[in-house]
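Chemist: Please find the sequence and the predicted model below.
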Amino acid sequence: MIEKFICQLQSDRSYKNQIVFKKIFFSQKPCFGKLDFPLSPNIKEYLFEHNIHLFNHQADGINQIRKGKNIVLVTPTSSGKTLTFNIPVFEALQNDKKTTALYLYPTKALTNDQLKVIRDMEEQTGIFANSNIYDGDTPKHLRPNIRNKSKIILSNPYGIHHYLPWHYKWKPFLQNLKYLIIDEAHVYRGVFGSNVAMLIRRLIRICEYYGSNPKIIVSSATIANPKDHATKLTGKDFEVISKDGSPKGKKTFIFWNPPYIDDTKSARRSTHQETKDLLVQNIMGKLQTLCFTTSRQMAELVTRWTREELYRKSPLLSKTVASYRAGYLPRERREIEDKLKTKKLIGVVSTNALELGINIGTLDSVLMSGYPGSIISTWQQAGRAGRNSRESLVALIAFQNPLDQYFMKHPIDFFERIHEQAIVDLHNPYITLGHIMCASSELPINENDKLYFPELFQQSLKSLEEQKLVRKTPRGYVYVGLARPTDAVNLKSISHKNVSVFYKGEILETLSLNKAYDEAYQGAVLLHQAETYIVEELNLTRLVANVRKEDVNYHTVSKKTVDVTIANTYEEKKLESIIGLGEVTITESYNEYVMKTYDEIIGRKPLELPPLTFSTVGLWILIPERILENLNGGGFNLAGGLHAVEHAMIALSPLFAMCDRRDVGGLSTVMHPDTGCSTIFIYDGFEGGIGISETLYSKISQLLIKTFNLIKSCECVDGCPSCIFSPRCGNENEPLDKNAAILILESLTKQLNDNELTRKTN
Amino acid sequence: MPIFYTCKKCRKNYSKNQYDKRVFCRICGSLLLSQFVIDSEIKNGLKENLNWTKKSFKKNLQLIHKESFFLDRAAHNLNNKIKNRKEYFVFSQKETQKKPDVKEKEQYLFNCEYEDALKLKRKLIKQFEKKTLDQAIPGKILSNKLGEYYSIESISESDFKKINEKKCKKILISDLKLLQRIGPKREFHLKKNGFTTIEDLIRHPLWKKSAFDFMNLLDKKQIGELQSYLWKSLPKSHPYIHYLAGLCKIEDFAIVDIETLGLSERPIILMGIAQIKKNGIYTNQFLLRDIPDEPSAIWAFVSCLKKECSLISYNGRSFDIPYVQQRLAYYGLNGSINNPHFDLLHFSRRALGSKLNNCRLETVEKYLDIGRGVNVPGALVPDFYQTYLETGNVGPLVAIVEHNKQDLVTLATLFSRLYEEWEI
């Protein structure tokens, strides 16, 4: 069926050899496992009714859990991970009515989805757990009852962070906690992961205080280091279950490169348009398709364009396409999920919001509009097609950017790449300090707590005491700061302010303040379910935006400019240039927005919004005059050179600071008022700093040398995503000058290289 | 001079400044170690570390030095973040203007109040310079199984009133709607048929069970259970719930109010409890001389709350009592507070809400024409106490203790005055 569809594609008039590579994964038979001792009749019956035979990884997992082991499950999407831990949890509930279990998910949408699964299982096994969600959306009046009566509670790390100080209210639940389930654990990486790791330690500390010792079940997408990751996240030892026994259907993976628009071969056709065309063909070919895009706006636009095109062919079919992304109200999301499952929707265009394990049933085809940014994400998204043993199609549609083009040219390289590691840093002073402070507000901290916080423990307490945040008492260190500690420690760099968008007096969606600056300013076209709404007003004190519905054929993009000012210098050192570290203030101003039809700019308008500012820690490199002189007259673009150096340094920062690329920000300028010369800034994307810049500063010479080598040895001509192109650049990767960057870095590292060399020869 | 670093051989102490200039001892030339290294390393049995020599240690020292420096800076930044998250807002508007645009739960005060409070703090600091706690606030150091605390007792005048038991019962039993599943229509028919009170309904074939249960609670004066029962059909602010106080003996009321270092998760620094006696209102306050006093002071406070007590508070149902319970759990102390509770905030909102800009206790006081002497706005109590902790000057404490006592006395008056506001 898929083969036939591909043949059809290739014989179509519009086909211009877009398929540059095709790989077929053959089907795989299921491999069943055996339990060490049988299940109870209720659970057996439940499995029987659903016609479930346990695969070997499920049986292995259950056997290990029954033995009291902590396990980490790393089998692919749709291999039945959820059942592997639900069975032991229900078994424990049946044996002891007091037993409780806590399920943690990274998003609220997932919690909602999983609650349904657990409730169904309750119903059908007759083992009642009164399962409930407890998070920021739970109405206040229901909370006491859930805490006291529910045996299974589903929540998220953000919530737990704030509930822990109120542990006395959770006493009955916590003292009977037998299982802690951490699902989608690969999401907890970088700074976020390090924060969650400390949070889990705080949770375990409270559990042990109440006398429980929960077993931990971690489930994750395929990553390079599952055991190490689970151990770092929780501080416990784990058994890895990774041998997948579930059946696989035949899967065809194609690489789709948009064709050149003319013979000069300078530009390719828009990826979005290609995506739209391919989606239309999928739907016409009766393949239920999920299309992933890299931005919220693109998800909406692709949906809109697809509907328009389908409408011309078949008005009925155009109604079977929808978009899905964060920001939709839960009710709306659920409706789309259900319609997908019941096949009322044939095409859904989604952001990575559907990448995690939300149950949407079997799909025939997955389109990825642009490389999702990591191997982990790519396989997660690809795993959405072909649940059970059905045949399926996966297509990666390339952007014109060099990274995507690289994979188009070297497809084998893509399939040989191993999954990324999930990095968690337990030695980050900012994170450790913040969580030890939070812990001191949950129970007084005494020496035994070193068990939970083995790194930097004593030193952290000392520093906190000096800042008068904790006070030493005979019972331990007690928190005495002037604000709620959990408010000062954010797990993720997200703003707490949320804007509600109102249409005709009813909430249409909610989005963070930063997103509102991007998408919901006065005059913006806000896309919701592929309908266009014009924002009439954005009220920043009440955090409300009002929209009216108007069908327009353009969309809007706001342009922001970022300024960095130095507020306080911590230290400076002189290498080839002066490099400084200190407190910086980041100001994001939004001064205009452009209106676009497809990819063409049709107008510009000024924007009046107060700038967004935050203070953080950053490092700066002052480029000495004499280096700039070398650039004069060579036809180099100085700004482009600085910009390129900044991008490449950020790209390499995860190597040095155990962070995620997204945790870092940067800015370069030819003339900075604070320093009086050309300057490159790199700063932590977290209010108050998170220790990344400080680490980079301490390893600055290595970072500069590595950056130089990266750019110099890159085979591209004018730069590519592997060196100086950044997928997150706010200036659309302009200007960039690779050769200028090489010259700048060469002078910056000249002496460093020599030193390095002499050290090596010594 | 704060000591940060010590010479491992001659035990001479150095400040951070001195250390920054030279990392080796001035006398014997050996390596200086920061106190925490000495504390922790010795405890951890890593004594060999103390035999570091200049050469072999240079590397380790740099590492430790860098780490602690890094941490100090991180702590400093964290503290700035905390400071930026003050739990109250200061507004520059005049008091007469409309309510500022803040969310329900956020504390705020006006610029003039803020300035006045800072002036007051300066004045008090000057006035009580070199005074001891006992001189400024007469009281006793008491102790219990958990340690010591400072206890302050005083008597104030009071015109505490409550409705009498008879009247209370009469009002309650003549409203048949209090029983579940009886609405206005049913009540009308029942009354027409001669069942004018709930007591009468005991003879009714259909309602006898619920009427009997209700009367039973009433006769046994189960105030707490009656409250929960009434909440099923009435809002928490309903006058009937206030009338229930008629069932409580006057000496069994406990007016409570606590002062804390923040809105949650921080120490309670002062707990006040007031009881009504013949010659006035007796207040007993438990003060922390420093943070280590907290568990003993809380224990003393909780021990005062006898089982038969009915609490009176202002927003205590959602603030003071959960707060005390959180702190009990924080110190691993057993004890829960399940007393009947008259939270006057609910009643004030209902009775006075439409007449006032807001229902802050200060605003209600002004309306009721209750004056206050020395006062510190509630939002600034943490700031005052921090000043005391940092300087050791007891001046700011005077304002806190007075503020707390005044709150207790005001609550007694408010409790009585609310009866006049109900129109039934």
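Modeler: Perfect, I can see it now. Quick caveat, the model's predicted, so the values are computed rather than measured. Numbering: from 1, shown residues only, chains lettered A, B, ... in the order given.
Chemist: what's near enough to touch the residue of the stretch 251-400 of chain B found nearest chain A?
Modeler: The stretch 251-400 of chain B approaches chain A most closely through B:Ala329 (3.2 Å), counting by CB to the nearest CB. All C-beta spots, glycine's among them, are computed from the backbone N, C-alpha and C. Contact analysis of B:Ala329 by CB atoms under 8 Å, 6 or more residues apart in numbering or on different chains lists A:His167, A:Tyr168, A:Lys171.
Chemist: Can you name the element that comes right after whichever strand or helix holds it?
Modeler: Per DSSP states H and E: B:Ala329 is located in helix B:320-330. Downstream of helix B:320-330, the first helix or strand assigned by DSSP H and E is strand B:341-343.
Chemist: for the following helix or strand past that next one, packing partners?
Modeler: Where DSSP H and E defines the elements, the next helix or strand beyond strand B:341-343 is helix B:344-352. Identification of packing neighbours for helix B:344-352 by 3 or more CB pairs under 8 Å, 6 or more residues apart in numbering or on different chains; DSSP states H and E yields helix B:239-243, helix B:361-368, helix B:395-421.
Chemist: how about 10 Å then?
Modeler: helix B:239-243, strand B:310-313, helix B:361-368, helix B:395-421 (3 or more CB pairs under 10 Å, 6 or more residues apart in numbering or on different chains; DSSP states H and E).
Chemist: which of these is buried the deepest?
Modeler: strand B:310-313 (a mean of 23; mean count of other CB atoms under 10 Å in any protein chain shown).
Chemist: Show me what that strand pairs with in its sheet, parallel or antiparallel.
Modeler: strand B:253-260 (parallel), strand B:341-343 (parallel) (DSSP bridges).
Chemist: and of those strands, who's closest to A:Lys98?
Modeler: strand B:341-343 (29.8 Å; CB to CB).
Chemist: neighbours of the closest residue to A:Ile152 other than its chain neighbours, just the number please.
Modeler: Spatially, and ignoring its direct neighbours in sequence, A:Ile152 is nearest to A:Ser131 (3.9 Å; CB to CB, 6 or more residues apart in numbering or on different chains). A:Ser131 is flanked by 23 other residues according to other CB atoms under 10 Å in any protein chain shown.
Chemist: so what's A:Ser131 up against?
Modeler: Residues counted as contacts of A:Ser131 (CB atoms under 10 Å, 6 or more residues apart in numbering or on different chains) are A:89, A:93, A:101, A:103, A:114-119, A:121-122, A:146, A:150-154.
Chemist: Report whether the expected contact of A:Val233 with A:Val424 is present.
Modeler: Quick fix: residue A:233 reads Leu, not Val. Yes - under the criterion of CB atoms under 10 Å, A:Leu233 makes contact with A:Val424 at 6.3 Å.
Chemist: so what's in contact with these two at the same time?
Modeler: A:Tyr188, A:Arg189, A:Gly193, A:Ser194, A:Val196, A:Ala197, A:Met198.
Chemist: so what's B:Lys161 up against?
Modeler: B:Lys161 touches B:Ile250, B:Ile276, B:Ala412, B:Thr413, B:Phe415, B:Ser416, B:Arg417, B:Tyr419, B:Glu420, counting by CB under 10 Å, 6+ apart.
Chemist: Assign a three-state SS to it, would you?
Modeler: With DSSP: H, G, I helix; E, B strand; the rest coil as the basis, B:Lys161 sits in coil.
Chemist: Backbone torsions only: list them for it.
Modeler: Dihedral pair for B:Lys161: phi -130, psi 150, per degrees, to the nearest 10.
Chemist: try B:Tyr282
Modeler: Per degrees, to the nearest 10, the backbone of B:Tyr282 is at phi -90, psi 120.
Chemist: Show me what it is bridged to.
Modeler: Applying DSSP bridges, one finds that B:Tyr282 bridges with B:Ile155, B:Gln275.
Chemist: ok, it - how many residues close by?
Modeler: So B:Tyr282, with other CB under 10 Å, has 16 neighbours.
Chemist: how many neighbours does the residue of chain A found nearest chain B have?
Modeler: Per CB to the nearest CB, A:Tyr168 is where chain A lies closest to chain B, at 3.2 Å. The burial metric for A:Tyr168, expressed as a neighbour count using other CB under 10 Å, is 17.
Chemist: Likewise for the one 3 residues further on?
Modeler: As a burial measure, A:Lys171 scores 15 neighbours (other CB under 10 Å).
Chemist: could you say which helix or strand contains it?
Modeler: helix A:171-175.
Chemist: A:Tyr570 now?
Modeler: Residue-wise, A:Tyr570 maps onto strand A:555-574 under DSSP H and E.
Chemist: number of nearby residues for the nearest residue to B:Glu129 once chain neighbours are set aside?
Modeler: What sits nearest to B:Glu129 in space, not counting adjacent residues and going by CB to CB, 6+ apart, is B:Asn393, at 6.5 Å. Around B:Asn393 there are 20 other residues, counting by other CB under 10 Å.
Chemist: so B:Asn393 sits right up against B:Gln386, yeah?
Modeler: No - with contact defined as CB under 10 Å, B:Asn393 does not count as touching B:Gln386 (11.7 Å).
Chemist: Mark out where each domain of chain A begins and ends.
Modeler: A:2-26+A:253-416, A:41-241, A:429-488, A:498-552, A:560-590+A:609-761 (automatic domain parsing).
Chemist: Can you add mean pLDDT and give these back as a markdown table?
Modeler: A markdown table is the format used below for these (pLDDT from 0 to 100):
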| stretch | mean pLDDT |
| --- | --- |
| domain A:2-26+A:253-416 | 88 |
| domain A:41-241 | 94 |
| domain A:429-488 | 93 |
| domain A:498-552 | 91 |
| domain A:560-590+A:609-761 | 84 |
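Chemist: what's the neighbour count on A:Glu45?
Modeler: Residues near A:Glu45, counting by other CB under 10 Å: 14.
Chemist: Now it: which helix or strand?
Modeler: Counting by DSSP H and E, A:Glu45 is part of helix A:41-49.
Chemist: And the contacts of that helix?
Modeler: By CB under 10 Å, 6+ apart, helix A:41-49 touches A:38-40, A:52-54, A:83, A:86-88, A:90-91, A:94, A:120-121, A:123-127.
Chemist: what's the very next helix or strand once past it packed up against?
Modeler: Where DSSP H and E defines the elements, the next helix or strand beyond helix A:41-49 is helix A:56-66. Counting contacts by 3+ CB pairs under 10 Å, 6+ apart, helix A:56-66 packs against strand A:71-73, helix A:81-95, strand A:215-219, strand A:239-241.
Chemist: and the first one, what other elements does it pack with?
Modeler: Read that as strand A:71-73. Using 3+ CB pairs under 10 Å, 6+ apart, strand A:71-73 is in contact with helix A:56-66, helix A:81-95, strand A:215-219, helix A:226-234, strand A:239-241.
Chemist: Parallel or antiparallel, list what pairs with the shortest one.
Modeler: With DSSP bridges as the test, strand A:239-241 is paired with strand A:71-73 (parallel).
Chemist: does the residue of chain A closest to chain B sit in a helix, a strand or a coil?
Modeler: helix.
Chemist: Strands of the stretch 51-200 of chain B, start to end?
Modeler: B:88-91, B:107-110, B:140-144, B:147-156 (DSSP state E, counting those that start in this stretch).
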